[in-house]
Structure formats: structure tokens, C-alpha cells
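Visitor: just the structure for this:
(2 chains)
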Amino acid sequence: MLSPNPIAGRPSPDPSGQEDAMILFNQVDKWYGDYHALTNVCAEVKKGEVVVVCGPSGSGKSTLIRTVNRLEEIKSGQLLFDGHDIHAPMSSMALNKLRSRIGFVFQSFNLFPHLSVLENIMLSPMRVLGVRRTDAKAKAQQLLERVGLSSKAGAYPAQLSGGQQQRVAIARALAMEPPAMLFDEPTSALDPEMVGEVLSVMRSLADEGMTMMCVTHEMNFAREVADRVWFMDAGQILEEAEPETFFTSPQHPRAQRFLSDLRAH
Amino acid sequence: MFGVFDILRDNWLLLLVGQYPSGPLGGISATLILSVLGIVLAFPLSVLLALARLSPWRALRWPATVLVYVVRGVPLLMVILWVYFLVPMLIGREVSGFTTMLCTLVIYEGAYLSEVVRAGIQALPKGQIEAARALGHSHLGTMWFVVLPQALYNMLPSMLSQFISTIKETTLGYVINVQELTFAANQINNQLLTKPFQVFFILAMTYYVVCFSLTQLALWLERRIAHKRLGAKAIPLTDGEAPPAPTVAAPL
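Guide: Residues are numbered from 1 along each chain as shown, chains lettered A, B, ... in the order given. This next block holds a predicted model:
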């Protein structure tokens, strides 16, 4: 995989030189009414890189990741995904097309309960990308095998455990063949014994070189899989570091407090 | 029983089909046909109205909202009279009472059902729409493939209730001489002259039996759907030690 970027400084405001950036935040600001949800966020996820976003509750992690496929609008700044300005004024068709290339996994799975597991995975390739049914089905079966759920193809989401549902949700996102995957607290709604199965699927994705941005509280995952860790608080990225550095010698006092609180458990 | 059974014995055919085959179909057959056609034709209209009211485009949202508000704010009898006098003027020829009543019911029930559909759509978890949009589905694609199949299924009991109201509302067709059940009962009453209580008792009981059976069906449907929904929600929340028996999760 990629060698981590040794330069901890902010990316240059000129995006033209960012050939190897998959996701680039450039002075992104977001407000909810009077509340400043994201403050001047400048950061980048390089192609092939795994970034874990961590921080206390309400620090803006989920908001940040949801701005990447424009589930949240931003007030100012620029956000490039694979070179495309996501928040530029554009037709809804253009936005749909961009979104179809950004894999997104939700905390609450959000599988479609009226469709079987296989149909959940086939729907969007067929209806958004225009893939033929037979091809979509073959692809869906292959993806189910990859997440270890071949036997559940005909089941409905209500019949699956949380961990199984989340693995199907990952397969559903992968079916669109996105160049990058975003995970918004993918294991937070799971029982402890189901966290492992989802993390291992994510780990294998990372091993295959998928570009990933994960909001998660799983610090072991961050330590073992991430190339970089972003620490957020109060809508700002306070620290960006390689996991080893971040976990052993965090620089920002807020990050030090966060990590010592975690260890106290 | 005060002659109720005698009246039934002598007039059951009139109550059942009106003067058919020597005259137009009437009686309870006409009532049911009118109600079924009314709700079946009102249904697509209501989905379109609901989609228009929830659409991001103002040009669709406003006219649909105005139509729904106007129809809901006016008594049904008023709509009947408007259709009765306006439709012949608009199309330049006479229209049968049956057609008039059908048009009225489609407009009226369409407006009411559209509120049911809108509520059904808005009751779905927001995550469903977000997931579909994140996968690149358009607004309409999201509605068509993800939202409506779930919302309409959840709404089946409400739609059945609306159907029951429609049956009761067809009685108002009486004022424009639609030959339905109430019309038939009144014919019988005019013949007998001395037994209004018995005749209208029969009429009331007939409506009651039909509507009560349908209400029971609606209740049963509601329980069934609630049970299934519970099954769908219980799993992420509970400990998952005993995966619930696979219920028949039939998609719509």
C-alpha cells in the first residue's frame, strides 16, 4: 500500500496539484443554524489510503463523512472526490452519478427491508448503472461470498443478525464498484460479538487496497489497519498522524485527554 | 319480526341488483361496484398527488397542495353537486348519475388517500431514503424502488378503512338519483308507505354488516403488518441470541 505522507501540513489550497488525492477537504465550513459544525477542515485521503476519523461524540465526525457524498451540505469551502467538486452547483443527475461512485456504509445498515439480500445488492447496479439482471446477480453472489454470506442470498434483512446486515450493506455498496468506501460508525449499532465479523470484512477490503475513510470508535482497528488517524473535536481536525504516533505520543492536549479517557476503561 | 323478513323476501332482488336486468344495475351491487371503482381509480391519483406534494419542485407541490386542501375543506355533497352541474357543461353532454358519482368519489377519495400515502411515505425511517440516494438513485427512483413499495404495504389497513368510508359515502349518490342500495331501499319504502322503520332497519343492517366485516379485515391486516414490522426492528436492538423464526417476509 501507499507510504504515509510524511508532511503533516495542510494540503495546498490549489487542488490541481492533488493528483493522488481521493478525497480532499479544502477549508470546509458547515453550520447548523448558529452551531458551527465543521470549522475550516483541510485534509486529504490519498488513493489507496485508509483513514480513521476518531474523536469524542458530537465532534463532527459523522457530519464530516456525510459531507463527502453531500448527504450534508457545506457552507463554504471545497470538497473534491476523485477530482470532482462534490459541492459545486450541479444538476441532480450529475450529483446522483457522483454519489453512485462513493460507497457509503451507515451505522444503522439501512438495508431495504422489502427486498431479499440478493435484491438489495442487485437493485442499484441495475437501476442506477443499467447493468443487466444476470450480470448484477452474478456480481451480487460473488460479493456475498466475499462477505461470507452466500447462504443468505434469499433471506430478508429482518431475518439476519446486525452483523450480517452490516456485511450485506458493505456488499451492497461494493456492488457499485466505488473507488472509495466511507464508513460512518459501521459497528456502533452492533452487539459486541458481532463487531469482529464486520471489522474483518473491512480489514480485507483495506488489504486489497481500497481507499477508505472510517468514522469508528474501534481503536484496535485504527491501530492495526489505518494508515492515518484524524482526531476531531468541536468540528475541527486537531491532529493528523500515523496510528503508531497518534496512540503512543499524541501531540494535542485534547487528543491526550481523549486517549487517556479511553484507556481508563 | 315486524315484517322485516317479509320485506326481505319480497324485495331481496331489488336490494341486491336494483332493477337489473330490465333497468340499470342498482342495489348493493351498484354500491360495491361504485366503491371499488372509486377507490381503485382514486389510488393512482392519490399516489401522484402525494408524490407531487412531497416533490422538490414547487410547480408540482403547490397545485397538488391546493387541490388536496380545497377538496378536504368542502363537504362531499358539495363536490357531488359541482360535478353534477359542471361536468355536463364541460364535456357538452349529459352524464349518468353513476358516472357523476364515480368522478366525485375519485376526486374526493384521491385527496383523502393522498394524505394517507403522504403520511406512509413520511413515516419511513429517513435512513431508507439516505441509503438510496447514497447509492445514486434519483428522487423518483428512490420513491419508486425503495419508498413506495414499503409505504404502500404499511398503508394497506388505512386504505381499507378509506374503502369502508367510501362505501358509506356512496349513499350520498341518492341525491342525484344514483341507483344504489339507499336508492333501492327508498323505492321499497315508497311502495310500502307504512313500514319505514323496517325498511331503513334493513338498509342500516346491510351497511353495517358489510362495513363491520371489512373493519375486522382491516384490524387483522394491521396486526399482521405490525407483527412483521416488529420482527424487522427487533433484531438490531435485541441480543440476537435466538434469531426469530423466519417469518414469511413477503415483499410487496
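Visitor: for residue A:72, helix, strand, or coil?
Guide: Here residue A:72 is recorded as coil under DSSP: H, G, I helix; E, B strand; the rest coil.
Visitor: which residue comes closest to it once chain neighbours are left out?
Guide: Take residue A:72 and drop its neighbours on the chain: the residue closest to it by CB to CB, 6 or more residues apart in numbering or on different chains is residue A:66, 4.4 Å away. For glycine as for every other residue, the C-beta is placed from the backbone atoms N, C-alpha and C.
Visitor: could you look up the SS state of the one you found?
Guide: Here residue A:66 is recorded as helix under three-state DSSP.
Visitor: for residue A:187, same thing?
Guide: Secondary structure of residue A:187, reduced to three states by three-state DSSP: coil.
Visitor: just to revisit the earlier point, could you give the number of residues near the residue nearest to residue A:72?
Guide: Around residue A:66 there are 20 other residues, counting by other CB atoms under 10 Å in any protein chain shown.
Visitor: so it touches residue A:184, yeah?
Guide: Yes: Residue A:66 is within contact range of residue A:184, at 6.8 Å (criterion: CB atoms under 8 Å).
Visitor: and stretch B:71-82, what's buried?
Guide: Using 16 or more other CB atoms under 10 Å in any protein chain shown as the burial criterion, the residues of stretch B:71-82 that qualify are B:71, B:76, B:79, B:80.
Visitor: what separates the first and last residues of that stretch, distance-wise?
Guide: Using CA to CA, to the nearest Å, the end-to-end distance of stretch B:71-82 comes out at 12 Å.
Visitor: any residues touching that stretch, and which ones?
Guide: B:100-101, B:104, B:107-108, B:110-112, B:115, B:169, B:172-173, B:175-176 (CB atoms under 8 Å, 6 or more residues apart in numbering or on different chains).
Visitor: what packs against the helix or strand bottoming out on mean pLDDT in chain A?
Guide: Taking mean pLDDT, DSSP states H and E as the measure, chain A has helix A:253-263 as its least confident helix or strand, at a mean of 91. In this structure, helix A:253-263 packs against strand A:228-233, strand A:236-241, with contacts taken as 3 or more CB pairs under 8 Å, 6 or more residues apart in numbering or on different chains; DSSP states H and E.
Visitor: most tightly packed of these?
Guide: Ranked by average neighbour count under the criterion mean count of other CB atoms under 10 Å in any protein chain shown, these are headed by strand A:228-233 at a mean of 24.
Visitor: report all helices and strands that that strand contacts.
Guide: Using 3+ CB pairs under 8 Å, 6+ apart as the contact criterion, the secondary-structure elements in contact with strand A:228-233 are strand A:50-54, strand A:236-241, helix A:243-248, helix A:253-263.
Visitor: now do the contacts for residue 102.
Guide: No chain was given, so I picked chain A. Applying CB under 8 Å, 6+ apart to residue A:102 gives the contacts A:68, A:69, A:81, A:178, A:180, A:182, B:134.
Visitor: my question was about chain B
Guide: With contact set as CB under 8 Å, 6+ apart, residue B:102 has these partners: B:34, B:37, B:38, B:41.
Visitor: swap in residue B:210?
Guide: With contacts defined as CB under 8 Å, 6+ apart, the neighbours of residue B:210 are B:28, B:32, B:167.
Visitor: so how do I select the buried members of those residues in ChimeraX?
Guide: Selecting only the buried entries of the contacts of residue B:210 in ChimeraX, with 16+ other CB under 10 Å as the criterion:
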select /B:28,167
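Visitor: in CSV: the contacts of residue B:210, plus pLDDT and distance to residue A:136.
Guide: Output for the contacts of residue B:210, formatted as CSV (pLDDT from 0 to 100; distance: CB to CB, whole Å):
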residue, pLDDT, distance to residue A:136
B:28, 92, 50
B:32, 94, 44
B:167, 95, 44
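Visitor: among the contacts of residue B:210, which are located in helices?
Guide: Secondary structure assignment by DSSP state H places B:28, B:32, B:167 of the contacts of residue B:210 in helices.
Visitor: shaky segments in chain B?
Guide: Segments of chain B classed as low confidence (criterion: pLDDT under 70) are B:1, B:229-252.
Visitor: number of residues surrounding the residue in it positioned nearest to chain A?
Guide: Using CB to the nearest CB, the single residue of chain B nearest to chain A is residue B:136, 2.6 Å away. Applying other CB under 10 Å, we find 24 other residues in the vicinity of residue B:136.
Visitor: cool, and residue A:151?
Guide: Here the number of neighbours of residue A:151 (other CB under 10 Å) works out to 10.
Visitor: kind regards, and thank you for your time.
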